[in-house]
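S.K.: sequence? don't have it. structure:
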């Protein structure tokens, strides 16, 4: 039995990939904190991703296919960004810092789950780290 093929490991890997994508979207928001008329975005919640079947994107199998130019396909405008600076920018560094911290905490939890689950398999097989 391959431990990396269990549903728990697969779920942890999907969660880590989602967290990585969210970190990229949040970093883009922070990087554009002074860009005029920039609207921040956030990624769809992980539960919504699971509910709709996993977040698969279309493969570009031919050079004539239109490339995705939006960046992350799950990124969407942030509905909580209602305040705007005089230059039209709607990024709140406080809100983005809270989201980055939340993402970091969730990443630590998912990676610890992954590490512990793999450790359990090593113990069951009689292998030490």
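M.R.: Thanks, I have the structure now. The structure displayed is predicted, hence computed values, not measured ones. Numbering: from 1, shown residues only.

S.K.: do you know how far the nearest residue to residue 29 once chain neighbours are set aside is from residue 50?
M.R.: Distances taken as C-beta to C-beta, 6 or more residues apart in numbering place residue 40 nearest to residue 29, at 4.2 Å, with adjacent residues excluded. No exception for glycine: its C-beta is placed from N, CA and C like everyone else's. Separation of residue 40 from residue 50 (C-beta to C-beta, to the nearest Å): 24 Å.

S.K.: Please say which of those two ends up with more neighbours.
M.R.: Using other C-beta atoms under 10 Å as the criterion, residue 40 and residue 50 rank with residue 40 on top: 23 against 14.

S.K.: quick one, phi/psi of that one?
M.R.: When read as degrees, to the nearest 10, the backbone of residue 40 gives phi -70, psi 160.

S.K.: Run through the neighbouring helices and strands of the strand or helix carrying residue 105.
M.R.: Take DSSP states H and E as the rule and residue 105 turns out to sit in helix 93-124. When contacts are defined as 3 or more C-beta pairs under 8 Å, 6 or more residues apart in numbering; DSSP states H and E, helix 93-124 packs onto helix 7-31.

S.K.: Tell me which other helices or strands whichever helix or strand comes after the helix it packs on touches.
M.R.: Where DSSP H and E defines the elements, the next helix or strand beyond helix 7-31 is strand 41-43. Here strand 41-43 touches helix 7-31, strand 75-77, going by 3+ C-beta pairs under 8 Å, 6+ apart.

S.K.: packing partners for the longest one?
M.R.: Right, helix 7-31. Contact analysis of helix 7-31 by 3+ C-beta pairs under 8 Å, 6+ apart lists strand 41-43, helix 46-51, helix 93-124 as its packing neighbours.

S.K.: between these, which gets the lowest average pLDDT?
M.R.: For these, mean pLDDT drops lowest on helix 46-51, to a mean of 83.

S.K.: May I see the buried residues of it?
M.R.: Across helix 46-51, burial judged by 16 or more other C-beta atoms under 10 Å covers 46, 49.

S.K.: Go through the helices and strands packed on strand 41-43 and name the closest to residue 125.
M.R.: Proximity to residue 125 (C-beta to C-beta) singles out helix 7-31 among the helices and strands packed on strand 41-43, at 14.9 Å.
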